[in-house]
Structure formats: structure tokens, C-alpha cells
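>>> model this:
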Amino acid sequence: MKTKFVILIGLFLVLQPLAVFAYPGESIVLDTNGDYTITYWNGVRILQVKHVPATKIEPTLSSSFNLGGAWLNTYSYSLANGQNAKQPIRSIYVRGMTSIFSQQPMTEISSGMSIAASLAAMQSLSAPIVTPARWESLAGNEPDSAAKQIMWSFYTASHPNDPLIGVMPNTTQSGFGFASLDLPGVVAVQLEGYTPIQQGYEDEGPIPDSAIYAQLDQLEKNDFLLRNAAAPMIAIPTPYDAAVTLENIQTHAHTWITKQLLNATFSTQLDTSFQAAIAAYRANQPQTAIIQLQTMRTLIKQQQPDADKNDVTPTVNLPAPPATIDLLAARILYFDLGYVISR
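Purely as a prediction, here's the structure:
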């Protein structure tokens, strides 16, 4: 079988500190099935293992957001897997969010908790999340951060006799969601496929100071695909302040430029109205501010006529429009500006 080397240990050494060693015979080889054969030195002999990546999927992620009562925003997601996918999709991770709404306190799991306390904490972290049947969910803080994260997973151990795992190829799964008091922005959602062959070693694995160990660490840490979606990324200040809210929206929109979701020239054009609206709100001239916000919404619709259609629109696999703003970004910005106008 013809193979392709994806790691050249010698080249890797040039880019790494001298404390990293390349041991003779070590390699990572990608075969025609898209699997990796890992050959490593364990200090005694050369061994081999296979790594099946969790990226043999064809995900199309769709997102919807709506404003409900008490200024609460609801977020919904639908996930499709293409007909040519080689794996079901089994995990969805949404990270970096500003808040998740829960009617009950959410208790973080910590070391030293009793089994009963840990189970109660897990229930509090999954309670505010809308989850499809046979899936499991968990929410909470990111490690060493105030940012929020949500994970949806399909655990095969919970359904050992179920032939359907996660989102099978050529199928769609809806029913993922949650609520937040904060406004939508664009987030890169992490998606992983189901891998029946798990990475494992019959010993301790590669030597930690070896070049191949560092490469394997990167391979495993990046074993996913990313798709853009809407999620709460823009904080609403308490007490509410329209000027601060607009500043937060503008700051987030500026991050879209490097992600090629917003043209820099069009961003500059929007900034003129952003600054005028912010100044008007601070001068207690809300009607003047609203005129500027309506101007921005008109400009957005000129670029993306469907910006006001808050349906579950696919965010990938779309032909690039001759627009200066991505459709998902346009929908989000149009919605966020409308929120400020309404409030």
C-alpha cells in the first residue's frame, strides 16, 4: 500500500530546541485510508500502533438564535453529516462563550467531592442544556477562565446495542440548544467523529523528550474539525448600557476581519455609524442613535439580502457570495443591532 510520510523527524528537529531527540526508525505515516501508523522507540525496542483520526466526517453546522421574553436569547443548532463521511459525528464542543442561562445555580465539579456531590454537580451543569435523545451534555467554565463551554456527546457505552451512533453519514440531527442573556457572535465549534480504534500503547508509549512524542501530542490535540456558528460571545452590561453594548458588538465584529468574515473596507464604513450611535446614546439622543443603527442594517442587507431571515441557515459549503460580509456574520450583526434598537 502506497503511503505518505507526514512527519519528517529531521526537519522537525530544526524547528525544535536541542533537548528534543529524533530516535532512529521513528515515523508517523499516513496511509491511503487516512489512518496513521506510528512507529516509535520506547527505550528498548521499536513498536507500532495505529491512530484513526476523528476527522473523517463531513459536518454542516446550522445555527439559529431568537430573542424571547425578559431579553433572553435562545440558541438552537442542527448538525448534518455528509453522505461521503467515513465516521458518525459523536462530539460537539462550543467554547469561549460569555454566559449560559440557568434557572438554578450551576455547580462546578471539583476534586475532593463525594460521588453524590459530583453527580449533583453534573446534573446542575447539564440541566440548562437542550439535548437530543440518546445524547449527553455538560456545561461549565473553561479551565482557568471565566469563559463558558458546552459539550454534547454520544457515548457508545450508554447504548452498546444501538447500531446508530451520533450523527450517521447522510443524516441530520437537530435538538441542540441553550439560552443566554448575552448576544450572538461567531464562534468556531469543534466537531469530532467516532473512532472505534482508539489510540493506545502496549507500554508507556514514545519517550517524552522525543520529536515524535511532541508531534503526537499536537496530532491528538488537533484531532477535530471546526465550523462557524452563532453563540453568546457579546456580553450585555448590567445595568444595561446601550453605548457599552454597541462597543462590545463593534469589538467582536472587528475579529471577523482576520477570519475573512468581514471586509476591512466595509468594517470601516460600519465603524462610522457605530461611533456616531455610541456618541448619540452617551449624549442621551437615542433617536439619533437609532437612525445610525438602521443605516447599518440597511448596509448589511444590501450585502446579504437574507440577513434578516433568522432561519437555520447552513454556515458551510455555501458558494462565496460577492459580498463584503459573510452570511452568518451578517445575520448576527443585523440581529444584534436590532436588539439595541428594541431595547
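>>> Give me the distance between the closest residue to residue 168 other than its chain neighbours and residue 129.
Excluding the flanking residues, the one nearest residue 168 by Cβ to Cβ, 6 or more residues apart in numbering is residue 88, at 4.9 Å. Glycine gets a C-beta too; all of them are placed from N, C-alpha and C. With distances taken as Cβ to Cβ, to the nearest Å, residue 88 is found 21 Å from residue 129.
>>> buried set for stretch 282-289?
Neighbour-count burial for stretch 282-289, counted by 16 or more other Cβ atoms under 10 Å, picks out residue 289.
>>> what do you get for stretch 265-282?
Result for stretch 265-282 [16+ other Cβ under 10 Å]: buried residues 266, 267, 270, 273, 274, 276, 277, 278, 280, 281.
>>> so where does the closest residue in space to the fifth one that isn't next to it in sequence fall, helix or strand?
Counting by Cβ to Cβ, 6+ apart, residue 274 lies nearest to residue 250, which is 4.7 Å off, once chain neighbours are set aside. If you go by DSSP states H and E, residue 250 is part of helix 242-254.
>>> residues making contact with that helix?
Applying Cβ atoms under 8 Å, 6 or more residues apart in numbering, the external contacts of helix 242-254 come out as 183, 185-186, 233-237, 262, 267, 270-271, 274, 277-278, 281-282, 286, 289, 329, 333, 336-337, 340, 343.
>>> How far does it sit from its chain's centre?
21 Å (Cα atoms, centre = their mean, to the nearest Å).
>>> Likewise for stretch 146-160?
14 Å.
>>> which outside residues touch stretch 151-170?
Against stretch 151-170 from outside (Cβ under 8 Å, 6+ apart): 58-59, 79-94, 129, 131, 134-139, 173, 176, 194.
>>> do that again at 6 Å, thanks
With contact meaning Cβ atoms under 6 Å, 6 or more residues apart in numbering, stretch 151-170 is reached by 79, 81, 83, 85, 88-93, 134-138, 173, 176, 194.
>>> Same question for stretch 90-107.
121, 124-125, 128, 139, 147-154, 166, 178-182, 187, 189-190, 192, 194, 231-232, 235.
>>> Same check on stretch 191-198?
Under Cβ under 6 Å, 6+ apart, the answer for stretch 191-198 is 52, 54, 56-57, 59, 87-91, 165-166, 224-225.
>>> Show me the one in those that has more neighbours than the rest.
Each of the contacts of stretch 191-198 was scored for neighbours by other Cβ atoms under 10 Å, and residue 89 scores highest at 28 neighbours.
>>> For it, what are phi and psi?
phi -90, psi 130 (degrees, to the nearest 10).
>>> Just give me the neighbour total for the closest residue to it other than its chain neighbours.
Using Cβ to Cβ, 6+ apart and skipping residues adjacent in sequence, the residue nearest residue 89 is residue 167, 4.1 Å away. Per other Cβ under 10 Å, the neighbour tally for residue 167 reads 27.
>>> what about residue 167, distance to residue 85?
Distance of residue 167 to residue 85, given as Cβ to Cβ: 9 Å.
>>> got it, and residue 282?
51 Å.
>>> Surely residue 132 touches residue 174?
No - look at residue 132 against residue 174 with Cβ atoms under 6 Å: they stay out of range, at 7.2 Å.
>>> what residues are up against the residue nearest to residue 168?
Counting by Cβ under 6 Å, 6+ apart, the residues that residue 88 touches are 165, 166, 167, 168, 194.
>>> Then residue 273?
Contacts for residue 273 (Cβ under 6 Å, 6+ apart) come out as 292, 295, 296.
>>> top of these by neighbour count?
residue 292 leads these on contacts (other Cβ under 10 Å) with 22 neighbours.
>>> what about the helices in this protein?
Ranges of helices in the chain, per DSSP state H, are 9-15, 115-126, 211-221, 242-254, 264-282, 286-303, 327-342.
>>> Show the pLDDT at the residue sitting furthest away from the middle of the chain.
For the chain, the largest distance from the centre (Cα atoms, centre = their mean) belongs to residue 44, which lies 41.2 Å off. With respect to pLDDT, residue 44 scores 84.
>>> One more: the one 10 residues further on?
pLDDT, residue 54: 95.
>>> Please check which residues sit opposite the residue nearest the centre of the chain as beta-bridge partners.
Nearest residue to the geometric centre of the chain (Cα atoms, centre = their mean): residue 189, 1.7 Å. Beta bridges link residue 189 to residue 227, judged by DSSP bridges.
>>> contacting residues for it?
61, 94, 227, 229.
>>> taking the residues you listed one by one, which sit in strands?
61, 94, 227, 229 (DSSP state E).
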